[in-house]
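Undergrad: here is my input; please provide its structure:
(one chain, ligands or ions: 1)
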Amino acid sequence: MCGIIGYTGHLDALTVLLRGLEQLEYRGYDSAGIAMLSGEGEDRLLIKKAGPVATLKDACEELEVRSHCGIGHTRWATHGGVNDTNAHPHIAGKVTLIHNGIIENYHNLIEKFGFRGSLVSETDTEVAARLLDYYYHGDPYEAIRKTIREITGSYAFCIMFEDIHDKIFCVRNVSPMVAAHMEDGSFVASDVTALIPYTKRYFVIPEYQIVTLAGDSVSVQDLKGDPVTPEMLEVNWNVEAAQKNGFPHFMLKEIHEQPEALRNTIMPRLENGLPDFSEDGIPDAVFSGCDKIAIVACGTAMYAGMVGKALIEPILKIPVSVNIASEFRYESPLVDEKTLVLVISQSGETIDTLAALRLSKECGAKVLSVVNVKGSTIARESDHVFYTHAGPEIAVASTKAYMVQLASLYLIGCRMSMARGKFTEAQARDFISRLTSSISAVQKILDNKKRIKEAAAVVAKAQDAFFVGRGLDYAFSLEGALKLKEISYIHAEAYAAGELKHGTIALIEEKTPVIALATQDHIYGKTISNIREVRARGAFVILITKTGAEIPEDICDIHFAVPVPHDRFTVFPVAVILQLLAYYTSDLKGLNVDKPRNLAKSVTVE
Ligand code: AGP
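TA: Modelled structure (predicted):
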């Protein structure tokens, strides 16, 4: 996710751009830049800096030039490290470009058009700028049409052509972009946050249609050049509400961003329906050369690792351990040069996880990390990095980062299974097809949230809650319990369903909520038996199964069915149900959902 702003009109462009970038900084903040056309001659001004928008603002202080047309970008790195060169805007010949999204075939474009020698950055965006310039011979619409015909992936482009002084051209696919025109001029931005100080009336830029911003007008045309009248919308949010895209909390917004985060993490790693990590620079030797795997992480990331273990170990048939980083780093872990250490961290800065990484390297292990923040310490110190593309996660309680960590582990597990001869290509293709189908299952849960809120109303009254499951369901339940306790302050524990009767069942009383996960066919009957045990003691049972499961009479108070046929892939919609259950419980209790007491987003202290 990145922040995009563009303006042309009679106001001072620099002021408008910097203000807009400050309001969009929640969308990405590892680097920022602006480009402006001065209006006189053909000179354009470009300033871009690694670091927050404040760094860019400082760099703009001495600027003399005044302009009335420009574009600005605040970056959440996906391709290429965090530095001035990779920051946007990118210039290629007469083209200046900013971009939000992921161009999946940028490597192919480099080869097809012979751009390699002319690239100065490591970004996919610069390739798009090169392509626009390649096709630009005075007609911006022709250049844009030909360029987007070549591109695969998601994009929101804002384009300036050096010889067209006061105009900005925009086109999008998947990535968001809105535009508006009023007496002060014409604006384009990633979302309404940056428009609100100037206007409440805007329109969403229709996909695959070209928007032209001029100082006195905004026009829209389709790819045939026919004019289009977009639907005008009215927003009554303040800036803070807009940063949450109208959601009451960042956590709920981020829960709803999960389908996009999954697409952005999975799709760029698929080639002909198979996992392909060539762009990540992760060779198969990393997967075929080890005799065991040690997963190391903290909190939610560690629970993602538990799912990874439950998935990968039975397929690869090699030991897969999951290690709490704060324990691992002070033990003498069984790690050597034949161990693949899989480090998982959203922030890439968790001190215990970083220490575990360093210890692993001292033991001679190869480290592959799954990280959401580009250029973070853990990423920089790893031998290989598999970046997730969830975008910035603002809420302390991790949701979309967990989701894409899971997707990453599924992709890695599949690639590893191929590399070690455990999956044929056909099996791998089937696995990937089921993984990508999980994205629509996530969307279905998001589209049917009402009953989850009803279940939360019961849970919100409890002091204690228990999550039970077997196999993969047990691994899912660990994260469900953490989500609930960290934002609702209800004492919640996850238990292997068969373990409950060895003591903990003594805690089950009338109306004690038990969230029972039963999505694994081969142990469904056993789990149902365990549920009967808690039911007999008065528990309020919230049961989660696959659609079509046979539900025994009076086994539960509320039943949720996840629309995923294959056991291995139920985690994705199940995770959304458990996230929403925790979210609504906390909200019903009137607690600070985004900033729960005692917690920090990244634990950089021991
Ligand atoms: C998750 O909801 C928590 N905020 C916390 O457990 C978090 O997952 C943990 O601190 C690890 O953080 P990391 O992924 O940034 O390393």
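Undergrad: do you know how far the most centrally placed residue in the chain is from Gly28?
TA: Nearest to the geometric centre of the chain sits Ala390, at 1.1 Å (C-alpha atoms, centre = their mean). Separation of Ala390 from Gly28 (C-beta to C-beta, to the nearest Å) stands at 11 Å. Any C-beta I mention is one placed from the backbone N, CA and C, and that applies to glycine too.
Undergrad: overlap in contacts of these two?
TA: Overlap of the contact sets of Ala390 and Gly28 (by C-beta atoms under 8 Å, 6 or more residues apart in numbering) is empty.
Undergrad: wait, what's in contact with the residue nearest to the centre of the chain?
TA: 254, 257, 261, 264-265, 346, 372, 400-401, 403-404.
Undergrad: how much space separates it from Ile351?
TA: Noted for Ala390: a distance of 21 Å to Ile351, by C-beta to C-beta.
Undergrad: what do you get for Gly215?
TA: To Ile351, Gly215 is 51 Å away according to C-beta to C-beta.
Undergrad: and Thr339, by the same measure?
TA: From Thr339 across to Ile351, the span is 22 Å (C-beta to C-beta).
Undergrad: between the two, who's got more neighbours?
TA: Using other C-beta atoms under 10 Å as the criterion, Thr339 and Ile351 rank with Thr339 on top: 22 against 17.
Undergrad: excluding covalently adjacent residues, which one is nearest to that one?
TA: Ala365 (4.3 Å; C-beta to C-beta, 6 or more residues apart in numbering).
Undergrad: wait, doesn't that neighbour sit right on Asp336?
TA: Yes. With contacts counted by C-beta atoms under 8 Å, Ala365 reaches Asp336, the gap being 6.7 Å.
Undergrad: excluding chain neighbours, give the residue nearest to Glu313 in space.
TA: Spatially, and ignoring its direct neighbours in sequence, Glu313 is nearest to Val320 (4.2 Å; C-beta to C-beta, 6+ apart).
Undergrad: tell me the contacts of the one you found?
TA: Neighbour list for Val320: 292-295, 308-309, 312-313 [criterion: C-beta under 8 Å, 6+ apart].
Undergrad: what are the neighbouring residues in contact with the residue nearest to Thr339?
TA: Ala365 neighbours (C-beta under 8 Å, 6+ apart): 294, 335-337, 339-341.
Undergrad: residues near Asp280, how many?
TA: Asp280 has 15 nearby residues by other C-beta under 10 Å.
Undergrad: equivalent analysis for Arg532, please.
TA: Using other C-beta under 10 Å, Arg532 is surrounded by 13 other residues.
Undergrad: sec struct for it, please.
TA: Taking DSSP: H, G, I helix; E, B strand; the rest coil as the rule, one finds Arg532 in the helix state.
Undergrad: can you check Thr8 too?
TA: Going by three-state DSSP: Thr8 is strand.
Undergrad: show the contacting residues for the residue of the chain found nearest the ligand.
TA: Residue nearest to the ligand within the chain: Gly299 (1.9 Å; C-beta to the nearest ligand atom). Contacts for Gly299 were tallied using C-beta under 8 Å, 6+ apart; they are 398, 482, 603.
Undergrad: and the residue lying closest to Pro552 once chain neighbours are set aside, its phi and psi?
TA: Spatial nearest neighbour of Pro552, chain neighbours left out: Ile528 (6.1 Å); criterion: C-beta to C-beta, 6+ apart. Note on Ile528: backbone dihedrals following degrees, to the nearest 10 are phi -60, psi -40.
Undergrad: these two touch, right, Ile528 and Glu553?
TA: No. With contact defined as C-beta under 8 Å, Ile528 does not count as touching Glu553 (11.3 Å).
Undergrad: how far does the helix or strand hosting Gln405 sit from the chain's center?
TA: Using DSSP states H and E, Gln405 sits within helix 400-419. Here the centre of mass of C-alpha atoms in helix 400-419, compared against the chain's by C-alpha atoms, centre = their mean, to the nearest Å, lies 14 Å away.
Undergrad: do the same with stretch 224-234
TA: With C-alpha atoms, centre = their mean as the basis, stretch 224-234 stands 30 Å off its chain's centre.
Undergrad: give me the buried positions along it.
TA: Residues of stretch 224-234 classed as buried: Pro230 (neighbour count, 16 or more other C-beta atoms under 10 Å).
Undergrad: for Ile293, list each beta-bridge partner.
TA: Val320, Leu340 (DSSP bridges).
Undergrad: what is the neighbour count of it?
TA: Around Ile293 there are 26 residues (other C-beta under 10 Å).
Undergrad: quick one, what contacts it?
TA: By C-beta under 8 Å, 6+ apart, the neighbours of Ile293 are 312, 316, 318-321, 339-342.
Undergrad: same question for Ile412.
TA: 275, 287, 308, 312, 342, 368, 370, 386.
Undergrad: and the nearest residue to the third one once chain neighbours are set aside, how close does it get to Val192?
TA: Think Gly308. When the adjacent residues along the chain are set aside, Gly308 lies closest to Leu409, with 3.6 Å between them (C-beta to C-beta, 6+ apart). Leu409 sits 35 Å away from Val192, going by C-beta to C-beta.
Undergrad: what segments of the stretch 201-350 of the chain are helices?
TA: All helices of the stretch 201-350 of the chain, identified by DSSP state H, counting those that start in this stretch, fall at 239-243, 250-256, 258-266, 285-288, 299-316, 325-328.
Undergrad: so can I have CSV of these showing mean pLDDT and distance to Asn86?
TA: CSV is the format used below for the helices of the stretch 201-350 of the chain (pLDDT from 0 to 100; distance: least, C-beta to C-beta, whole Å):
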stretch, mean pLDDT, distance to Asn86
helix 239-243, 79, 25
helix 250-256, 97, 25
helix 258-266, 96, 18
helix 285-288, 97, 25
helix 299-316, 97, 26
helix 325-328, 95, 30
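Undergrad: can I get those helices in JSON lines with distance to Leu223?
TA: JSON lines is the format used below for the helices of the stretch 201-350 of the chain (distance: least, C-beta to C-beta, whole Å):
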{"stretch": "helix 239-243", "distance to Leu223": "30"}
{"stretch": "helix 250-256", "distance to Leu223": "30"}
{"stretch": "helix 258-266", "distance to Leu223": "23"}
{"stretch": "helix 285-288", "distance to Leu223": "42"}
{"stretch": "helix 299-316", "distance to Leu223": "41"}
{"stretch": "helix 325-328", "distance to Leu223": "51"}
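Undergrad: tell me the SS of the residue nearest to Val341 when sequence neighbours are not counted?
TA: Excluding the flanking residues, the one nearest Val341 by C-beta to C-beta, 6+ apart is Ser360, at 4.1 Å. Look at Ser360: counting by three-state DSSP, its state is helix.
Undergrad: hmm, Ser360 is touching Glu337, no?
TA: No. Contact criterion C-beta under 8 Å: Ser360 and Glu337 do not qualify, at 10.7 Å.
Undergrad: circling back: which one of Ile528 and Glu553 is surrounded by more residues?
TA: Set side by side, Ile528 and Glu553 show more neighbours around Ile528, with 21 against 4, by other C-beta under 10 Å.
Undergrad: got a list of what the more buried one touches?
TA: Here Ile528 is in contact with 518, 552, 555 (C-beta under 8 Å, 6+ apart).
Undergrad: confirm Arg537 sits in a strand?
TA: No. Checked against three-state DSSP, Arg537 lies outside a strand; its state is coil.
Undergrad: check what pLDDT it gets.
TA: Here, the pLDDT recorded for Arg537 equals 94.
Undergrad: and this protein, which residues reach the ligand?
TA: 298-301, 345-347, 350, 353, 396-398, 486, 602-603 (C-beta under 6 Å from any ligand atom).
Undergrad: right, and His90 touches Asp84 too?
TA: No. The pair His90 / Asp84 is not scored as a contact, 11.8 Å apart, by C-beta under 8 Å.
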